[in-house]
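A.B. asks: 3D model of this:
(one chain, ligands or ions: 2)
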Amino acid sequence: MPPPGADDESAGMRLTSLLFVPADSEKKFEKAKGVSADGLILDLEDSVAPPNKAAARQTLSSWIDAANGKRDWTFWVRVNPLDTGITADDLKAVVRPGLDGIVLPKSNGGQDVETVAAMINPLEATAGMPNGHVKIIVVATETAAAMFNLGSYAPAHPRLVALTWGAEDLGAVIGATANKEADGSWTQPYQLARSLCLFAAANAGVQALDTLYADFRDPDGLEASCQVSRRDGFTGRLAIHPEQVAGIRRAFAPSEADLALARRIVTAFDENPGLGTIGLDGKMYDIPHLKQARRTLASVG
Ligand code: COA
Ligand code: MG
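C.D. replies: Ligands and ions are numbered 1, 2, ... in the order given. Next up is the predicted model:
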């Protein structure tokens, strides 16, 4: 459940687990459909080599057409970044009924969302889709300039539903030779990017999705890391391998104890409408706790 401020349609959009699938692999796409991810992100950016991009775009168009209809996952495409000059070609191929949204890598700020939204508008109209249907998730920390523009996503464009952050490309930008400490935690520059992504998403009233966990053969590490993500305020996470999806879903689901406490907090405030602060089991709860409790309950419907 997103923070207040996001529109109704995006509030209903579950983005807890989004699985990346290279757009040039039909085998992986077929497999990905069956793994119960909330969304699949077909990637036209880094996982498709430049000579193969045109063919991947064409294939993707036909997959989107074929997937138009009832299914329990949303269809996303990671397009190439604006500075490549080929984003428009990507959008032209994929904005069609069946597409739910695009992921914009290497975004430099809110202005890039405006630019991409303006490119989508006429394509949506031509395709006979309702204006605003195609949502945008931004990868918000992949350039140096982006780090200084994170406040510019607010007020959120109506298409913007989530911010995520990227560690791999940022390393090349700053010249870092590693992004993890010996104990597996992020080094300082990446902790900053991750935290600022959380604040930027909260500021814009959209969901914050944690970046991928690269070691896809380490399910325990992934789940522990997702517990930390959820604790810190992320509402979901990117996956790169089918086997990561179930762990992400489990880690982001509130526990029975979380739900029970949330219900008690909401009930206590409902029964005392004049109060701004209540005590339960010797602990103080006030309006931010009430908002958080409502969010927890809404996340399970
Ligand atoms: N989506 C769908 N299926 C996937 C998949 C994915 N992201 N990653 C792996 N699979 C499939 C494999 O094709 C294989 O299928 P099979 O059992 O029918 O042969 C099965 O899952 C097991 O895969 P595995 O052998 O463990 O991994 P791999 O070595 O084949 O692939 C990666 C490893 C990293 C190349 C692969 O996971 C991948 O392509 N990830 C996504 C990369 C991406 O999109 N990056 C862009 C964002 S950073
Ligand atoms: Mg990248």
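
A.B. asks: Retrieve the pLDDT associated with Ile136.
C.D. replies: pLDDT, Ile136: 98.

A.B. asks: next helix or strand past the helix or strand it falls within?
C.D. replies: Using DSSP states H and E, Ile136 maps to strand 135-139. As assigned by DSSP H and E, the chain's next helix or strand after strand 135-139 is helix 144-148.

A.B. asks: residue contacts, Gly279?
C.D. replies: Neighbour list for Gly279: Tyr285 [criterion: CB atoms under 8 Å, 6 or more residues apart in numbering]. Where C-beta positions appear, they are placed from N, C-alpha and C, glycine not excepted.

A.B. asks: and the gap between it and Glu271?
C.D. replies: Applying CB to CB, to the nearest Å, the value for Gly279 to Glu271 is 13 Å.

A.B. asks: Same question for Glu26.
C.D. replies: Glu26 is 56 Å from Glu271, by CB to CB.

A.B. asks: if we can go back for a sec, so what secondary structure elements neighbour the strand holding Ile136?
C.D. replies: The contact analysis (3 or more CB pairs under 8 Å, 6 or more residues apart in numbering; DSSP states H and E) places strand 135-139 against strand 101-104, helix 110-126, strand 160-164.

A.B. asks: want to throw the ones you listed into TSV with distance to Gly132 and mean neighbour count?
C.D. replies: As requested, the helices and strands packed on strand 135-139 are exported to TSV (distance: least, CB to CB, whole Å; neighbours: other CB atoms under 10 Å):
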stretch	distance to Gly132	mean neighbour count
strand 101-104	11	26
helix 110-126	8	17
strand 160-164	11	27
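
A.B. asks: Make a markdown table out of those and add mean pLDDT.
C.D. replies: Below are the helices and strands packed on strand 135-139 laid out as a markdown table (pLDDT from 0 to 100):
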| stretch | mean pLDDT |
| --- | --- |
| strand 101-104 | 98 |
| helix 110-126 | 98 |
| strand 160-164 | 98 |
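
A.B. asks: Contact residues of the stretch 201-301 of the chain facing ligand 1?
C.D. replies: Leu212, Phe216, Ile240, His241, Pro242 (CB under 6 Å from any ligand atom).

A.B. asks: Quickly run through the sheet partners of the strand holding Ile136, with directions.
C.D. replies: The strands that strand 135-139 pairs with in its sheet are strand 101-104 (parallel), strand 160-164 (parallel) (by DSSP bridges).

A.B. asks: Quick one: closest of the ones you listed to Ser225.
C.D. replies: Proximity to Ser225 (CB to CB) singles out strand 160-164 among these, at 14.6 Å.

A.B. asks: can you list contacts of the closest one?
C.D. replies: Contacts of strand 160-164 (CB under 8 Å, 6+ apart): 2, 6, 10, 13, 15, 101, 103, 113, 135-140, 153, 197, 200-201, 204, 206-211, 236, 238.
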